[in-house]
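In: Test case, fold it:
(one chain, ligands or ions: 1)
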Amino acid sequence: MSIKIGIVGCAGRMGQMLMKEVLDTAGAELAGGTERPGGAALGKDIGELLGRGTSGLIIGDDARALFQASDVVIDFTSRDATVIHARLARELGKALVVGTTGLEPEHEAVLHEAAAKVPVVYAPNFSVGVNLLMSLVEKVASILDPSYDIEIVEMHHRHKVDSPSGTALGLGRAAAAGRQVALSDVWVKQRDGIVGARKSGEIGFAALRGGDVVGDHTVMFAAEGERIELTHKAQSRAVFSKGAVRAALWTASAKAGLYDMFDVLGLKA
Ligand code: NAD
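Out: Below you'll find the predicted structure:
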């Protein structure tokens, strides 16, 4: 029996990739997609939007109806929309996968409320590779002593507005967790001018911007005489949609609770 997956925000960059991924995944069935009221894609056929011919699934703005028709809903929208969707998931007893970023504690509180009733998977990065990298970084940092300097280098496309990337900070948190320290006590997010010698135990960040780079992250452990570098390179946003659909299928056998990709991938100790 296949799992019925609904996509809210289905005409967005991620929404379209998510629908393609659902259509291409064995054991998954596309229940439909919604867009925001007034959205330009309302009334369009999903198959035609994706360039795959007529599907009979029409994009609407009735999120309640989509939740009712779905076993699980994937949400990569905006934080205000995510709050509405999390309340519907709780009320209608449907699992939810949230990729929306930029959530403040008040938005996350609504996810916690939903997670008391249904499985909710929430992750700032759904790439399987990045989550595996985070797990490896924590492990390596727990093995190596502070004579190994940790530096995190990331590169993204020229349009990215925040720095360091949320994923770089996540890698920093993983390294800090491995060393059993708080990242904010040891991070150095910029260096300019005569900043003095590097202090032992610091975790440094450097950000490069240019071209159309989807997202490169390298974590270096540099000691006297040797250097270990762990690198992930995202070449397509499809890595996020693949991870999110994997998470959606995983919810079918999960109890109510708030989960992340470490749970989905079995990376938790
Ligand atoms: P986008 O602007 O292309 O798409 C968002 C879509 O949501 C738009 O089509 C918009 O009309 C729709 N939407 C907004 N309000 C809605 C509502 N109430 N009901 C239904 N649809 C609604 O943006 P994007 O690049 O696809 O990114 C979306 C979000 O996903 C962002 O927060 C982004 O940072 C995040 N993201 C997360 C990951 C991850 O791995 N977690 C990866 C990529 C992007």
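In: pLDDT score assigned to whichever residue of the stretch 151-269 of the chain sits closest to the ligand?
Out: In the stretch 151-269 of the chain, the residue that lies nearest the ligand is residue 240 (3.9 Å; C-beta to the nearest ligand atom). Heads up, the C-betas are built off the backbone N, CA and C, glycines and all. On the pLDDT scale, residue 240 is placed at 93.
In: Tell me which helix or strand residue 155 sits in.
Out: Residue 155 is part of strand 149-156 when elements are defined by DSSP states H and E.
In: Distance from the chain centre to that strand, please.
Out: Centre-to-centre, strand 149-156 and its host chain are 19 Å apart (C-alpha atoms, centre = their mean, to the nearest Å).
In: which helices and strands sit right next to that strand?
Out: When contacts are defined as 3 or more C-beta pairs under 8 Å, 6 or more residues apart in numbering; DSSP states H and E, strand 149-156 packs onto helix 166-179, strand 203-209, strand 215-223.
In: Mind giving me the packing neighbours of the last one?
Out: Helices and strands in packing contact with strand 215-223 are listed as helix 128-143, strand 149-156, helix 166-179, strand 226-234; criterion 3+ C-beta pairs under 8 Å, 6+ apart.
In: Is it positioned near the ligand?
Out: No: on the criterion C-beta under 6 Å from any ligand atom, strand 215-223 is out of touch with the ligand, staying 9.2 Å away.
In: ok, now the longest one?
Out: No: for helix 166-179 and the ligand, the contact criterion (C-beta under 6 Å from any ligand atom) is not met; the two come no nearer than 8.4 Å.
In: Only alpha carbons, please: show that helix as PDB.
Out: Output of helix 166-179 as PDB, limited to C-alpha atoms (Å, rounded to 0.1, in the frame of the first residue of the first chain):
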ATOM      1  CA  GLY A 166      22.700  27.700   8.600                       C
ATOM      2  CA  THR A 167      24.300  24.400   7.600                       C
ATOM      3  CA  ALA A 168      27.800  25.600   8.500                       C
ATOM      4  CA  LEU A 169      26.500  26.700  11.900                       C
ATOM      5  CA  GLY A 170      24.900  23.200  12.200                       C
ATOM      6  CA  LEU A 171      28.200  21.600  11.500                       C
ATOM      7  CA  GLY A 172      29.800  23.900  14.000                       C
ATOM      8  CA  ARG A 173      27.200  22.800  16.600                       C
ATOM      9  CA  ALA A 174      28.000  19.200  15.800                       C
ATOM     10  CA  ALA A 175      31.800  19.800  16.300                       C
ATOM     11  CA  ALA A 176      31.100  21.600  19.500                       C
ATOM     12  CA  ALA A 177      28.900  18.800  20.700                       C
ATOM     13  CA  GLY A 178      31.700  16.400  20.000                       C
ATOM     14  CA  ARG A 179      34.000  18.500  22.200                       C
END
